[in-house]
Each structure stands twice: as structure tokens, then as C-alpha cells.
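Novice: Got a predicted structure here, sequence first:
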Amino acid sequence: MNVGAGALLPLSGVKAEEYTAALDLRVGYQLRLRKYLGAEMGWTGAWPSRTDFGRDFDQLVRDRLQLVDYGVRGIVPVARDRAELSAGVGGGYIWYDRGSSNSYLNGSLLQYSGRVAAPVNPRRRIWIGITFRAWRDLGRPTQQWLSTTADVTYRFGR
């Protein structure tokens, strides 16, 4: 189980470019299927701002974005098992606040990520890591996002 915080950045696409970068929070879980293969899922929440342009005035609007991701992760131990590098790929889903003018953009996304992590205690149950995760829609890109997260993971089991 891991928890983390970082930044959600709009990369490209006609809808993502309307937004500013924002703080994000993440909660996730990874189940090790094999020694170097895991299945993972997680939730990321962020509150980016955008400007609604009106005829007589402009208004700064803060939306809530929620992203759910799921997929597989390959893990490679490095530095004599003192750290791990991993890469993941899978699906995801994004949804906006129900009151947002962009709520019609809710939909499925492709997500892929890279992570580096190291244990902080001798029993190797508590790890710290940095994850870069990108989301994009399939087809003509209307939204692409990048999340950079520093996290703490607690590992159950051995």
C-alpha cells in the first residue's frame, strides 16, 4: 500500500491545455504476482484551475479531477537489491466534477509509468519512491496528463 503527493501537469490536448498544474494526492496498492511482476491499482485526485472567458468578465474556476489507474508493473532490483526500478502500463479512467463544464470528457485513458524506490528500514517493509505516471486518451488526443509523485510504501508479507 502506498500514499503520496506531487504535481499533476497538463501535457497537451485541447482540454488539458485549459488547466494549470496542480497538487495531486495518490493512494495505491500493488499485489506481487511473481517476484518481479505486480498488478497495481490506484486513485489520484487533483484540483487544477482554468479560466472561463465570458463576454464581460473572465472567471478563474477550480475543478476537481479524479483519475483511477490499473495495470501491470515489471520490477528490476538494482544496486544489490538496495533499490528497485520499475515500469508499468495499463488502463485508467478520468472524471471531472459533476458541475464542471468539462464533465463530458469523462472517459477511459491509457496510462504508463516509471518508478524508482528504496527501502528505509532493515526489514525492507517501508520504502520511499518517486513515480512518473502519464495518462492519455486513445485516438485524437484531447487530454494528456503527467503526474509526478513522491510516495511512501508499506509492504505486507515477507
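Specialist: Cool, the structure landed.

Novice: only C-alpha atoms for contact and neighbour calcs from this point on.
Specialist: OK.

Novice: Could you list the low-confidence segments of the chain?
Specialist: Regions of the chain meeting the criterion pLDDT under 70 cover residues 54-57, 98-104, 158.

Novice: Now do the strands in it.
Specialist: Assigned by DSSP state E, the strands in the chain fall at 2-12, 22-34, 37-46, 49-53, 58-62, 65-78, 83-96, 107-119, 126-136, 144-154.

Novice: Figure out the length between the terminal residues of stretch 119-128.
Specialist: From its first residue to its last, stretch 119-128 covers 6 Å (Cα to Cα, to the nearest Å).

Novice: now the strands of the chain in TSV, with mean neighbour count?
Specialist: Formatted as TSV, the strands of the chain follow (neighbours: other Cα atoms under 10 Å):
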stretch	mean neighbour count
strand 2-12	20
strand 22-34	17
strand 37-46	19
strand 49-53	13
strand 58-62	12
strand 65-78	19
strand 83-96	19
strand 107-119	19
strand 126-136	20
strand 144-154	20
